[in-house]
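In: predicted structure and sequence below. I'll ask about it afterward.
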Amino acid sequence: MTTVLVTGASRGIGLEFVRQYARSGYSVIATCRTPEKANQLTGLLKGAVNILVEPLDVSSDKSLQALIQVLNERAVTIDLLISNAGTLINERFLNWNRDSFRKTLDTNVVGSAMLGQSLDPFLSQSAKVVQLSSRLGSLEWGGKGMSDGDSYAISKVALNMLTVRLASIYEGSKRIAVSMSPGWVATDMGGSGATLTVEDSVSKMIPTIDALTVSDSGRFIDNKGYSLPW
């Protein structure tokens, strides 16, 4: 059975990945900071034998180590890592502050980097690592479309470089790393004016992920697999 690990699974896109992959018969490890408060996620456990929910704060080394211990005890091999956990803090220019930048970069970039490094021993030889990025991380587009949340856009640029570095590290193997924009999705981050529901977005991303080959490693793509400008 194919094993998928999803971070940031308590709501939105992460939750929908868990729902759709579990429904398709995958073994799903769903992680979030406080599972005891993730009622929608724990609700999926009713009648499901293929979902494991574990706590994970990607900005905490202690939390990562606790997850590693569980994976070791269960002898888990991960075939697909969906690095979805992230944060968005709205702050306009002239209201920027170190704390918001530090928190955003720590979660969205450093957290993803430490996650990839920590889980490397558990990845299968042909594992796929999908970093949930954003069109706002395109340097060519200059983060157009967002009037605030600049630290978020900047973090997604850095996340894309992390993907490129992982792809370089995986070169010569069958492993794949990509950055994928889910589109403008109606989540707590995306807002109610977004053009896609979480169901629509994830329904587009899953077949795109399934179709990824080694030649795609290091790409920045949309939910249908088309290249996005760096």
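Out: That came through, no problem.
In: in space, what's closest to Ser126 - neighbours in sequence excluded?
Out: Lys174 (4.0 Å; CB to CB, 6 or more residues apart in numbering). C-beta here means a position set from N, CA and C on the backbone, and glycine is covered the same way.
In: look up how far Leu123 lies from that neighbour.
Out: Distance, Lys174 to Leu123, using CB to CB, to the nearest Å: 11 Å.
In: so for those two, which residue has more residues nearby?
Out: Using other CB atoms under 10 Å, the more surrounded residue of Lys174 and Leu123 is Leu123, with 20 against 13.
In: just checking, the more buried one touches Leu115?
Out: No. The criterion here is CB atoms under 8 Å, and Leu123 misses it with Leu115 at 11.2 Å.
In: quick one: common contacting residues for those two?
Out: Each of Leu81 lies in contact with both Leu123 and Leu115 under the rule CB atoms under 8 Å, 6 or more residues apart in numbering.
In: returning to what we had before: give the contact list for the residue nearest to Ser126.
Out: 125-126, 214.
In: repeat that for 10 Å
Out: 124-128, 213-214, 217 (CB atoms under 10 Å, 6 or more residues apart in numbering).
In: make JSON lines from those and add neighbour count and secondary structure to it.
Out: Formatted as JSON lines, these follow (neighbours: other CB atoms under 10 Å; DSSP: H, G, I helix; E, B strand; the rest coil):
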{"residue": "Ser124", "neighbour count": "14", "secondary structure": "strand"}
{"residue": "Gln125", "neighbour count": "9", "secondary structure": "strand"}
{"residue": "Ser126", "neighbour count": "11", "secondary structure": "strand"}
{"residue": "Ala127", "neighbour count": "22", "secondary structure": "strand"}
{"residue": "Lys128", "neighbour count": "24", "secondary structure": "strand"}
{"residue": "Thr213", "neighbour count": "9", "secondary structure": "coil"}
{"residue": "Val214", "neighbour count": "16", "secondary structure": "helix"}
{"residue": "Ser217", "neighbour count": "22", "secondary structure": "coil"}
